[in-house]
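Colleague: What shape does this take:
(one chain, ligands or ions: 2)
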Amino acid sequence: MYTQALDLQTPVPAATGSAAPVGQDLREHAFNARLADGQKIEAQDWMPEAYRKTLVRQISQHAHSEVVGMLPEGNWVTRAPSLKRKAILLAKIQDEGGHGLYLYSAAETLGTPREAMQQALLSGASKYSSIFNYPTLTWADVGVIGWLVDGAAIMNQIPLCRCSYGPYARAMIRICKEESFHQRQGFDSLLAMMRGTAAQRDMVQDAVNRWWWPVVMMFGPSDGQSVHSAQTMNWGIKRISNDELRQKFIDATVPQAQLLGVSLPDPDLKWNASRGHHDFGAIDWDEFWRVVGGDGPCNRERLHARRTAHDKGAWVREAALAHANKTRARELGRAA
Ligand SMILES: [Fe+2]
Ligand SMILES: [Fe+2]
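Modeller: Ligands and ions are numbered 1, 2, ... in the order given. The predicted structure follows:
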């Protein structure tokens, strides 16, 4: 996923409408006309600074979420219950690392160096999805992350394949294909456990009980509280509102939970025939903001792990740079 925390920073100024008044910057007029026509904006195209800044913030936070998202599941690689499950988990975690790399590359096309984005993550200045600040206590948590966290991510990310910024939209098409495998492997793992012993079924139910509400929060604040939503929708970055996506996710997940044989921990969750959707209980937004603000169960642990990995990887970056410089010098020598 994982774009939930992306509407959270300082508001950006509104863009102008699609009809340019006399004297208005022609470039801005052309930009708005392209958006209105459903065309993609590419890296070399002129764009308003606020659009560029919003995209850098959103794409870099998305990249951070992919990378930090490797940590909760990485915790279980050495304890996977079989070789098959270990191979699947390793492949999934590797995919998430790849998603982070695609997304840093997409953000770099907007002129922000990767190192600056990574420093913003390590200093705590840039957010990542709050869902990764929860612990993975049992093997069932790994299955639930695939089923629910990747499931919510897909719901959020499919509309991003139609994002107005070309490099982001194209990265999302590839990422979404992989995310759907992630969701299915999680469901498959849980199904195997639900067909096992009573202790395994209890473990799955316990994991669902702990993850359900944090996953429902992944879609971000309600539309009325989401400071960026209207502008990002006008710009064609976001296509469906937080509340609509949350409702779609809940409606899609209820029958899957029934198929698995688990209950979802919400006594107010019931089908509302007149709305054609499920009603659901109140979200604990205090918990959401606490975790986004840095005080979740694992915030410190996650940042510490990333900082340690970054420090330990310094020699690899230096070696790669030295090799690139030597190769360039050799090529220049040959050309001279
Ligand atoms: Fe991913
Ligand atoms: Fe994933």
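Colleague: Could you report the neighbour count for the residue in the chain that ligand 1 sits nearest to?
Modeller: Of all residues in the chain, His99 sits closest to ligand 1, at 3.8 Å by Cβ to the ion. (Glycine included, C-beta is placed from N, CA and C.) Residues lying near His99 (other Cβ atoms under 10 Å) number 29.
Colleague: Now the helix or strand it falls within: buried residues?
Modeller: Assigned by DSSP states H and E, His99 falls within helix 83-108. Buried residues in helix 83-108, counted by 16 or more other Cβ atoms under 10 Å: 85, 88-89, 92-93, 95-96, 99-100, 102-104, 106-108.
Colleague: And the helices in this protein, which stretches?
Modeller: Secondary structure of the chain (DSSP state H): helices at 26-36, 49-68, 70-74, 83-108, 114-123, 139-144, 150-157, 166-194, 198-217, 229-234, 242-260, 285-290, 299-312, 314-335.
Colleague: between these, which gets the lowest average pLDDT?
Modeller: When the helices of the chain are compared by mean pLDDT, helix 229-234 comes last with a mean of 84.
Colleague: tell me which strands and helices that one is in contact with?
Modeller: Counting contacts by 3 or more Cβ pairs under 8 Å, 6 or more residues apart in numbering; DSSP states H and E, helix 229-234 packs against helix 49-68.
Colleague: Any part of the helix it packs on near ligand 2?
Modeller: No. Figure legend: helix 49-68 not in contact with ligand 2 (Cβ under 5 Å from the ion); closest approach 7.7 Å.
Colleague: from the chain's centre, how far out does that helix sit?
Modeller: Chain-centre distance of helix 49-68: 10 Å, with Cα atoms, centre = their mean, to the nearest Å.
Colleague: Just the buried positions in it, please.
Modeller: Neighbour-count burial for helix 49-68, counted by 16+ other Cβ under 10 Å, picks out 51-68.
Colleague: so what's the residue of the stretch 1-150 of the chain found nearest ligand 2 closest to, chain neighbours aside?
Modeller: Of all residues in the stretch 1-150 of the chain, Asp150 sits closest to ligand 2, at 4.3 Å by Cβ to the ion. Distances taken as Cβ to Cβ, 6 or more residues apart in numbering put His182 closest to Asp150, at 3.9 Å, once the chain neighbours are dropped.
Colleague: Contacts only, for that neighbour.
Modeller: Contacts for His182 (Cβ atoms under 8 Å, 6 or more residues apart in numbering) come out as Lys92, Asp95, Gly146, Asp150.
Colleague: Would you mind measuring from Lys127 to Asp295?
Modeller: Using Cβ to Cβ, to the nearest Å, we find Lys127 at a distance of 13 Å from Asp295.
Colleague: more neighbours, those two?
Modeller: Neighbour comparison, Lys127 and Asp295: the larger count goes to Lys127, with 22 against 12 (by other Cβ under 10 Å).
Colleague: correct me, but the more buried one touches His62?
Modeller: No. Between Lys127 and His62 there is no contact under Cβ atoms under 8 Å: 10.4 Å.
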